[in-house]
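Undergrad: quick one, fold the following:
(chains A, B and C)
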Amino acid sequence: MRAGGGLGAADLAALRFTLTQAALSALFACALAIPLARALARRDFPGRGAFVMLLGAPFLLPTIVAVMGLLALFGRGGLLNGALAALGLPPVSIYGLHGVVLAHVFLNLPLATRLLLLGWSAIPAERFRLAASLGAPVGALIERPMLRATLPGAFAAIFALCLTSFAVALILGGGPRATTLELALYQAIRFEADFAAAASLALLQYALCGAAALAAWRLARAPLTGAGLGRPVERWDAQGAGLRLLDALIIAAGVLFVILPLALVLLRGLDGLAEMPPSVRGAAGRSLLVALAATAIALGLALALALRGGPLAEGAGALPLAASSLVLGTGLLLLIRPHLPLQAAALPVAALLDGLLALPFALRALRPALREAEARHGRLATALGITGWRRLRILILPLARPALGFAGGLAAALSAGSLGAIALYAGEGQATLPLLMARLMGAYRMEAAAGVALLLLALAFGLFAVFDLWGRGGRHARA
Amino acid sequence: MGMRPPAIWQALADNIVTVTPGWSEAYGLFLEGEADLVLSYSTSPAYHLIAEEDPGFVALEMEEGHYLQVEVAAKVASTDVPDLADAFLAFMLTDAVQSVIPTTNWMYPAVTPAAGLPEGFESMRPAVSLFLTPEEAAALREPAIGAWREALSR
Amino acid sequence: MLVLEGLHLRAGDFRLTADLTVPKGAAVAVMGPSGGGKSTLLSAIAGFLAPAAGRILWAGRDLVPLAPAARPVGILFQDNNLFPHLTALQNVALGLRPSLRPTEAERDRAEAALAQVGLAGLGKRYPAELSGGQQSRVALARLLVQERPLVLMDEPFAALGPALRAEMLALTRQTLMARGATLLLVTHDPGDARALADLILPVVEGRAHPPRPAAALLDDPPPALRAYLG
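TA: Numbering: from 1, shown residues only, chains lettered A, B, ... in the order given. Okay, the predicted model is just below:
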């Protein structure tokens, strides 16, 4: 198939499929996010805050759980086909390129919506008032320029995330015709132990993802935070009954699309909770520890890079977005192997890896907050002789607390849900929740696995909520 | 062998719902009703029969035979405790251990227990078992996977 | 005595030169058109802008090599003079020592300074819980405890109404000036200058001129300043 690490025809096909599905996924996610974000930006309704918070959920979900949720809705035995059959209509198949794109839209539409929503909430209320008093069209005057500034970054970010997709692409793509670069990498490492081929594939993927990640980094000007998602701005345009109805329908569709698969995961998991083995406690504890360690690593690195500043720091922070966790994990373990038994290293490596993978998101959230704290109060602090560690403790950290909370929550939740390096090398008695779930599935115990998936979801959300709420509880939030 | 493998795969290709990263995802989809057939073990029906008292699963028998998957316990040549290793291997072969393997690991034991195999293990045992040496398997793997990928990529 | 000796400042395209002396203990209004370089001048004295050439001497010592906090300078900006996440007392105590946990003695001094500016008992409030005038008083209290001999103010009370501003200027005079501090205050208001300042230091078209007695200068402004004063 390959010789000396060169790229074969199959690899080129994988490259083509990888690019196609990522581009289509990013396109649809962004296109659908525009009406949803606009509706959320200009309408208030009970549960709006909860829905916006829930938009973070698919992003934090372990892939296989998300896939199962989607299949329960769109699969051959899913709700949609059940309804079609009841109406006497032929079934639709989710398997194929469209299935891959659908899954990626489910996973990333929320991210796109939040990024665009931030763009909308960053528009000062005065502009809408001005437009209203001038009778000027809001779309052309205010919204379109904002979208022009925000959309390319959202597109590039989602494109980069979809480039490293493999389980979703393989399962929903219907097999080898949906081979992505990441899958080819997985095959080269796991089945063929062909590190030369893996290295050339990894380099190709790095180059691609690096370019996309860099583009995302440069283009995305909106900070990634939970700020600005509070109440919608009062609007004088868009008061007509038709537009209200349209927005209501869009929001309802968005709620259904995001919440139904999650609810199905929840339902499946409830039955399985009682089936979980006793080892679930230890696994939950280890997951929690790894998540907290990963959070500390991600926040520490993000703080150091953000304080350091400069293009080098930005590049370093964006890099993990380009990396496949498989490649990073294998590389780290190959480095450690001569010095430590793999089993002893598995948990610390998992934490380090999760921390590194969460770094770009943490950095994106922290940098603007730190910059603002410096811009507003830096000179005063300097004049008062508040420097070094004291400056961090007295000035920077308290003022950046909301961003710290959000970034920490994101890192913790991403880590709790990730299988990471540990899946490959963890020994007996080292299982985290995702690994326990995989093992239960490997032992016919699908119900128990669904229960663990639910627990995992609860842990990821709980961690996110605790950190985020801590961040919002600061003094600064009120001042 | 009749048809060549590429032709067989091509004929099958439009009936294949999907391929997953591992067995457990595929079996999960199968149990969720996504597919009527799944590539699994001939002992899978026995699991459902014994653990869930559900007789509704069957393994299809292939006339060419079924490949054996063997899991092993062994003594490492460089061990410092050879006596202990020998004692452990001897223990592994006792009836007490061998008799629980079918219903815990869901595989055939190395030594048939005195009480015989549980229900489902004898009745659904494939007639022909195939076994390839590691060298044979290594030589076959690349062309076999290549043919499979080629046929299913279309 | 503050001496600006052959001072050349450069900030982007903007240039400012200064060669002048400010006597110790004087209250000096820094006046001139917007964009003339008033804030740039203050930035250089405070240590936020390194001069391209020249020296800044205080009591005979060159301040240029010193970090902002090491200079004998206290400063108030146009805004953002308080940290929003710290109480009034903590904000004041920062002037004594950069720490969030003031000692008993430091607390007492901060409380006394707050009392001196009329905010006795409000030390536990956060800036958001204080009015604009009260926030200015907290910042002034911090300048008091800092005890720096040279105080720079860059339109510090511009956001306050005329009555409040006059009150703050009077308070500044009573407290800071009473203990012999030298004050450089940027202002646009001739009334403020008359009320507070002994001297006026005109900054016009990239040049800081030597200070002259306030009343005389306002009564008979030089041509460059006349257009600005209207």
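
Undergrad: burial check on C:Ala193, number of neighbours?
TA: Number of residues near C:Ala193 (other CB atoms under 10 Å in any protein chain shown) recorded here: 24. Heads up, the C-betas are built off the backbone N, CA and C, glycines and all.

Undergrad: same question, the one 4 residues further on
TA: By other CB under 10 Å, 27 other residues sit near C:Ala197.

Undergrad: state the pLDDT value of it.
TA: Residue-level confidence at C:Ala197 comes out at 88, pLDDT.

Undergrad: show me what the closest residue to it other than its chain neighbours is bridged to.
TA: Once flanking residues are discounted, C:Ala197 sits nearest to C:Ala29: 3.8 Å by CB to CB, 6 or more residues apart in numbering or on different chains. Here C:Ala29 sits in beta bridges with C:Leu185, C:Ile200, going by DSSP bridges.

Undergrad: for C:Ala29, which residues are in contact?
TA: Contact analysis of C:Ala29 by CB atoms under 8 Å, 6 or more residues apart in numbering or on different chains lists C:Leu185, C:Val186, C:Thr187, C:Asp192, C:Ala193, C:Leu196, C:Ala197, C:Leu199, C:Ile200, C:Leu201, C:Ala214.

Undergrad: any idea how far it is from C:Met153?
TA: As defined by CB to CB, to the nearest Å, C:Ala29 lies at a distance of 10 Å from C:Met153.

Undergrad: how about B:His48?
TA: B:His48 sits 84 Å away from C:Met153, taking CB to CB as the criterion.

Undergrad: likewise for A:Leu399?
TA: 24 Å.

Undergrad: check what pLDDT A:Ser325 gets.
TA: Looking at A:Ser325, its pLDDT stands at 69.

Undergrad: what's the answer for A:Ala3, then?
TA: A:Ala3 carries a pLDDT value of 41.

Undergrad: also C:Val30?
TA: pLDDT recorded at C:Val30 is 94.

Undergrad: who's in contact with it?
TA: Per CB under 8 Å, 6+ apart, neighbours of C:Val30: C:Lys38, C:Leu41, C:Leu42, C:Leu184, C:Leu185, C:Val186, C:Thr187, C:Ile200, C:Leu201, C:Val203.

Undergrad: the residues you listed: which two are farthest apart?
TA: Pairwise distances among the contacts of C:Val30 were taken by CB to CB; the largest, 15.1 Å, belongs to C:Leu42 and C:Ile200.

Undergrad: just give the number of residues close to C:Leu76.
TA: Using other CB under 10 Å, C:Leu76 has 23 other residues around it.

Undergrad: might one say that it is in contact with C:Asp154?
TA: Yes - when contacts are counted by CB atoms under 8 Å, C:Leu76 is listed as touching C:Asp154 (6.9 Å).

Undergrad: could you say which helix or strand holds B:Val72?
TA: When elements are defined using DSSP states H and E, B:Val72 is found to belong to no helix and no strand.

Undergrad: neighbours of it, how many?
TA: Number of residues near B:Val72 (other CB under 10 Å) recorded here: 5.

Undergrad: so which bits of the stretch 151-300 of chain A are right by chain B?
TA: Residues of the stretch 151-300 of chain A lying close to chain B by CB under 8 Å from any CB of the partner chain are A:166-167, A:170-177, A:179, A:183, A:186, A:191.

Undergrad: contacting residues around C:Val92?
TA: Taking CB under 8 Å, 6+ apart, we find C:Val92 in contact with C:Ala110, C:Ala113, C:Leu114, C:Gly123, C:Val138, C:Ala141, C:Arg142, C:Val145.

Undergrad: what's the closest non-adjacent residue to it?
TA: The nearest residue in space to C:Val92 (CB to CB, 6+ apart) is C:Ala110, at 4.1 Å.

Undergrad: show me the contacts for the one you found.
TA: So C:Ala110 contacts C:Leu89, C:Val92, C:Ala93, C:Gly95, C:Leu96, C:Pro102, C:Gly123, C:Ala141, C:Val145 (CB under 8 Å, 6+ apart).

Undergrad: and it, how close does it get to A:Gln187?
TA: Relative to A:Gln187, C:Ala110 is positioned 68 Å away (criterion: CB to CB).

Undergrad: same check, this time on A:Leu399
TA: For A:Leu399, the distance to A:Gln187 under the criterion CB to CB works out to 48 Å.

Undergrad: likewise for C:Leu152?
TA: Noted for C:Leu152: a distance of 68 Å to A:Gln187, by CB to CB.

Undergrad: against which helices or strands is the helix or strand where C:Leu57 lies packed?
TA: Assessed by DSSP H and E, C:Leu57 sits inside strand C:53-58. If you count contacts as 3 or more CB pairs under 8 Å, 6 or more residues apart in numbering or on different chains; DSSP states H and E, strand C:53-58 packs onto strand C:2-11.

Undergrad: chain center to the strand it packs on, what's the gap?
TA: Remark: strand C:2-11 is offset 18 Å from the chain centroid, using CA atoms, centre = their mean, to the nearest Å.

Undergrad: all helices of the stretch 351-479 of chain A, in order?
TA: With DSSP state H, counting those that start in this stretch as the criterion, the stretch 351-479 of chain A has helices at A:388-391, A:397-399, A:401-416, A:422-425, A:433-441, A:446-472.

Undergrad: is chain A contacted by the lengthiest helix in chain B?
TA: Counting by DSSP state H, the longest helix found in chain B is helix B:134-153. Yes - applying CB under 8 Å from any CB, one finds that helix B:134-153 is in contact with chain A at B:Glu142, B:Ile145, B:Gly146, B:Trp148, B:Arg149, B:Leu152, B:Ser153.

Undergrad: packing partners of that helix?
TA: Using 3+ CB pairs under 8 Å, 6+ apart as the contact definition, the elements that helix B:134-153 packs against are helix A:9-42, helix B:5-13.

Undergrad: model confidence over that helix, on average?
TA: For helix B:134-153, mean pLDDT rounds to 83.

Undergrad: that one to helix A:9-42, inter-axis angle?
TA: With axes from the mean of the first three to the mean of the last three CA atoms, to 10 degrees as the criterion, the two stretches helix B:134-153 and helix A:9-42 enclose an angle of 50 degrees.

Undergrad: list of residues touching helix B:134-153?
TA: The contact list for helix B:134-153, computed with CB under 8 Å, 6+ apart, reads A:1, A:10, A:13, A:175-177, A:179, A:191, B:5-6, B:9-10, B:12-13, B:16, B:19, B:132.

Undergrad: and for stretch C:150-166?
TA: Contacts of stretch C:150-166 with the rest of the structure, by CB under 8 Å, 6+ apart, involve C:2, C:38-39, C:42, C:45-46, C:58, C:71-79, C:81, C:132-133, C:136, C:139, C:143, C:168-169, C:172, C:176, C:181-189, C:192, C:195.

Undergrad: return the distance of it from the chain's centre.
TA: Stretch C:150-166 has its average C-alpha position 9 Å from the chain's average C-alpha position, going by CA atoms, centre = their mean.

Undergrad: what about that stretch, how long is it end to end?
TA: Between the opening and closing residues of stretch C:150-166 there is a gap of 21 Å (CA to CA, to the nearest Å).

Undergrad: buried set for it?
TA: Neighbour counts using 16 or more other CB atoms under 10 Å in any protein chain shown place C:Leu150, C:Val151, C:Leu152, C:Met153, C:Asp154, C:Glu155, C:Pro156, C:Phe157, C:Leu160, C:Leu164, C:Arg165, C:Ala166 of stretch C:150-166 among the buried residues.

Undergrad: looking at these, which are in helices?
TA: Filtering the buried residues of stretch C:150-166 for membership in helices, criterion DSSP H, returns C:Leu164, C:Arg165, C:Ala166.

Undergrad: between helix A:9-42 and the one helix or strand A:Ile158 maps to, find me the angle.
TA: A:Ile158 belongs to helix A:144-163 when assigned by DSSP H and E. What separates the directions of helix A:144-163 and helix A:9-42 is an angle of 140 degrees, with the same axes, to 10 degrees.
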